[in-house]
Every structure is written in C-alpha cells, then in structure tokens.
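Participant: What follows is a predicted protein model with its sequence.
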Amino acid sequence: MWLLYISSAWVAGVFSGSKAGFPFVAILFGFLPFLLIPFLPGSKKKLIIVGLCLLTFFGGTLRFSSSQSQIDEHSLCFYNDEGTVEIQGIVADKPDVRAKCCFLRLSASEINISGARKEVSGTTLMRVPRYPAYCYGDVLQVIGELKTPAPFDDFDYRSYLARQGIYSIIYYPEIEILDRGKGFKPLQWLYSIRENLCNSLARALPEPQGSLAQGILLGIRSNIPDSLNQAFSRTGTAHLLAISGLHLSIVIGMGLSLGILVFGRRHYIYIWLALLTTWLYALLSGMHPPVIRAAIMGSLFLMAEFLGRQRSAITALAFAAAVMVGIKPQILWSVSFQLSFLAMAGLISFFPYFQAWGRKGVTVIFGNKEAMVNTGNMVSDCFALTLAAIIPVWPLVACNFNVFSLVALPATFFSLPALPAIIVTAALVAFTGLFAPFVAQILGWLAWLFLSYLLLVVQSFDALPFSSLELNTFPRWQLWGYYIVLAVEMAVLNHRKQ
C-alpha cells in the first residue's frame, strides 16, 4: 500500500504546486517524521510512510514549478504578435491530417525577425493545407505571423495548447522544405509502419468501416466522418474509439498466448514478448494518455507475474498516474487523461460490487437452472462492466462537452462485445495487407461484419428520439459535489466489506 500512498502524494503535490508556490526549503518538512522515530519507536513504519509521502508531496510541487516555461528572448512565444517572422525548425510529431487542412507541430531552432537571426526554442502549431504533404522529421523554413492562441466559442484554446507545451500558432504560412528525415530514426520507423498499416486497412475495407477500423486499432480518428463522431458522442460510446485498457488487455493476451505457444513457460520469455508487444502497440497507436496509462498498468501486471507478487489494480493505477504526471505535469488537466483514469477507477472500485449484486439477482431469478444462470451471469457482468465505467465519467463528459447521453448504458452494452473481435480482425487485415493485399481483402469481410454491427448499434441508438440532452452549463460545484458523494459511497462500501 505504501506505493499507493506515495503515488497519490506525488499527484496531489503537482496539483497543489499549480495553485500555490512553495519554496525549495519546504521539502525539509518531509524529514520531520523521521526525526520523531527515536521518540516513537512503536510507530516507526507509519512515520516512515508519512515522511516519504511528505517528501514526494513537496517534490511534486517543485516538479510543477520546474515544468513552467521561462519566457525570454530565446523563447519562441516571446515574439508572438510581432508581425511576420521567419522561422526554421523541424516537424516534431506526426502531422494531424483533417478533412480540409493539416496541423503541424514545428519545433523551432531559429527565428529571423527584422533581419536579426536568433536561436530560439519552443513549439508552434501550424495550420496548413492538406497538400503538399509533410512528414515527421521534415526541416522547414516558415514565413508567417506568430500569434498567441485566442479563445473561441467559450473554449479556452490558449490553456488547452499550453498544457501540450504550445504557446504560439501560425495560420497558413509560406513553407519551404529544407531537408527531410531528420527526426528520431526509431520514431520515424514507427510512424512509417503506422502509416502503412493505415493504408492497408483503407485498401481492404470500404468506408466508413475502414476509417472506423483505423480509429479503433491505430488511434487515427481524423478520417472518421464528423457525423459518425457525433453519433458516438451522443450515444455515450465515444470511449470505444479511444485506445485504452481493453485494447491493451487484448494485445497483452495475444502476446502471452503467442509466447507460451512458441517458447513455453521456460525462462519467462512469454512475459518479455508480451511486454515488448504492449509498448510497440502503444507507440504505434500514438502514445495518448489512455494508452500510456494502460501500458504502464499492463507492464506492472506482467512484472507482478514475473516476480510472483500479488497484483493490486488501484495501486497500479495510482503509480501509472504518478509516472505520467511526473513526466508531463500539465497532463493532469487533460480531459482524456481524467476520463481514462476515472473510467478505470470506476471499473476497479464498482465492478466487483455490481457483478456480485447482479449474479445474486440472477441466482434468485433462475435458481438451479445452470444453463440459464450462466447466460444470465454473462449478461449481468456486461451490464456491471458498462455501468461501473459510466458512473464516474458522465459528469465530466457533461461538464466538458455539454452533452448527456440517455442511451449510454444500453448502447455501450450492445457495442462492447464487438470490440475485441474488431481489434483482432482489423489487426489481421492491417498486417496481412503489408505482404498479401489480396488475402487482406478476403479477411476484410470478417472485419467488415463486426464493424458494421458496431455502426448499426451506434446509429440505431442515435436515431432514437431524446437519445441525448444538450446542456448549456454544468457548474463546477455540482461536479465536485458529485465526486465527493461518490467517494463517500465508495468508503462506505469498503467499510461494510471489511
């Protein structure tokens, strides 16, 4: 449990550091419990844990302070709103291709303003036409107006980009390609494979099944039609498009099964194969917050299997949060990060209770009829899984997206069984298409079947009258009140269980 306490203290420290400044000497308070050990020898273990928590808490506050950018003449954003500038830099991420434009993240190295050249650092987000196409690692010379992001439609666009380390934007600049292939070579290789897999799915599957498979398998959602994205949002099933724990669980299961089949259980090769497969898939799918969280938790699961130690899901979740927040403190305010962790926390905390209550009800209804009880338990477990994930996240969805789905529970219940089959068949189509396109098209019919079923479920529920409500506002105090009540209820349930 000590890892759970320390991880929670670190995250709490990062959050506190964003609200108030703490001097470096504050970390000395963490040593006070250790000084009390000679006087309270019976409480040695508790004092050590308290001391470690205090040290990590104040360390978290200092980590947030150190992550804040210091703006000076060597910072790119220092020259925002100064008119037309010339920038030289490298495309630092895979281009985000949309229907009518493309977004590039340019990591700047040099700026020319009023004839004076200076070395700078910082990233700018550029909106450019879809063509000509640009790639990760391209060295560009850009001429345009460097601007500070402005809010639009009550959306704080500036804060949203700042959490990603972006403080400047440029709209449709003049661009000259100076060089290509100057990015991190392993990352270029992974992006190339991801693009080839995406093209393989596009060749083997019709639309919109092809773009849906790209989103579910590879996390490439830019090709999914807006109308379909909105249907998933209104039915509360948008989380099925986000690569998360379920996707990684299937990948880990496939890696373990293949490793055991080929190498057996000797020397734990099957564990290392599953671990390698997990992180390769995480890299291929874009390393988004839900993917990183799931990959860390999956890695902890595999390491626990290797060491023969008891697994604690809530501890793994807290440790994953601490690692991600430590690497990038601003991710704590990312909506996808919050939704991912709340959904997983709901599954860990509520699913066992809902499952037990559901199975108890099935037994009362069907008695000793074994076949009926088994079928009823499967249905009950699916409902319990869906409900446990929805309860913690719906207020956050309503607060951030002003949409509340009235059909989220049944829509997710009927959609969820198709997801593992889609992941497996889409993966077969994507990888087979790299070597045998004709065989991939044959396999594509199987993937098409499961994808079409998912589309039918989502679009059918979306077509129902009053399937969702549009909310103008969702006050923050109601959001906090809901989660306080939820936490109290969870504490009561745990107390009764003990």
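Facilitator: Right, received. Where do you want to start?
Participant: What is the neighbour count of the closest residue to Phe431 other than its chain neighbours?
Facilitator: For Phe431, ignoring the flanking residues on the chain, the nearest one in space by CB to CB, 6 or more residues apart in numbering is Leu197 at 7.1 Å. The C-beta positions use only the backbone N, C-alpha and C, and glycine is treated the same way. Number of residues near Leu197 (other CB atoms under 10 Å) recorded here: 22.
Participant: Can you classify Leu197 by secondary structure?
Facilitator: Secondary structure for Leu197, judged by DSSP: H, G, I helix; E, B strand; the rest coil, is helix.
Participant: how near is it to Leu190?
Facilitator: As judged by CB to CB, to the nearest Å, Leu197 and Leu190 stand 11 Å apart.
Participant: and if you look at Phe263?
Facilitator: From Phe263 over to Leu190 the distance is 25 Å, taken as CB to CB.
Participant: ok, those two, which is more surrounded?
Facilitator: Using other CB under 10 Å as the criterion, Phe263 and Leu190 rank with Leu190 on top: 18 against 14.
Participant: In which helix or strand does the more buried one reside?
Facilitator: Assigned by DSSP states H and E, Leu190 belongs to helix 185-204.
Participant: what does Leu178 give?
Facilitator: Going by DSSP H and E, Leu178 is part of strand 174-179.
Participant: do Ser380 as well
Facilitator: Ser380 belongs to helix 370-401 when assigned by DSSP H and E.
Participant: Which residues outside stretch 199-208 are in contact with it?
Facilitator: Residues outside stretch 199-208 that contact it (CB atoms under 8 Å, 6 or more residues apart in numbering): 210-211, 213-214, 217-218, 224-225, 228, 426, 429-434, 437, 440-441, 443-444, 447-448, 451, 455.
Participant: Check stretch 470-478 too.
Facilitator: Contact with stretch 470-478 is made by 395, 398-399, 402-404, as judged by CB under 8 Å, 6+ apart.
Participant: mind redoing it with 7 Å?
Facilitator: By CB atoms under 7 Å, 6 or more residues apart in numbering, the list of residues contacting stretch 470-478 from outside reads 398-399, 402-404.
Participant: Now which of these would you call buried?
Facilitator: 398-399, 403-404 (16 or more other CB atoms under 10 Å).
Participant: Closest one to Leu52 out of those, please.
Facilitator: Nearest to Leu52, judged by CB to CB, of these is Cys399 at 34.2 Å.
Participant: send the alpha carbons of stretch 155-165 over as CSV?
Facilitator: C-alpha atoms of stretch 155-165 as CSV (Å, rounded to 0.1, in the frame of the first residue of the first chain):
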residue,chain,number,x,y,z
PHE,A,155,-13.3,27.4,-25.2
ASP,A,156,-10.0,28.3,-23.6
TYR,A,157,-7.9,27.4,-26.6
ARG,A,158,-4.8,29.0,-25.1
SER,A,159,-4.8,26.9,-21.9
TYR,A,160,-5.6,23.8,-24.0
LEU,A,161,-2.5,24.2,-26.1
ALA,A,162,-0.4,25.4,-23.1
ARG,A,163,-1.0,22.0,-21.5
GLN,A,164,0.7,20.5,-24.5
GLY,A,165,3.7,22.9,-24.3
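Participant: Just the mean pLDDT for that stretch, thanks.
Facilitator: In this model, stretch 155-165 has a mean pLDDT of 79.
Participant: Show the average pLDDT along the helix holding Ser380.
Facilitator: 79.
Participant: what sits up against whichever helix or strand comes after it?
Facilitator: Next in sequence after helix 370-401, counting helices and strands by DSSP H and E, comes strand 403-405. Applying CB under 7 Å, 6+ apart, the contact partners of strand 403-405 are 233-236, 394, 397-398, 467-471.
Participant: Please apply the same query to stretch 170-181.
Facilitator: The contact list for stretch 170-181 (CB under 7 Å, 6+ apart) reads 124, 126-128, 135, 137-147, 188.
Participant: again, but for stretch 224-241
Facilitator: Stretch 224-241 has contacts (CB under 7 Å, 6+ apart) with 208, 211-212, 215-216, 221, 343, 401, 403, 405, 407-408, 411-412, 415, 419, 458-459, 461-462, 467-468.
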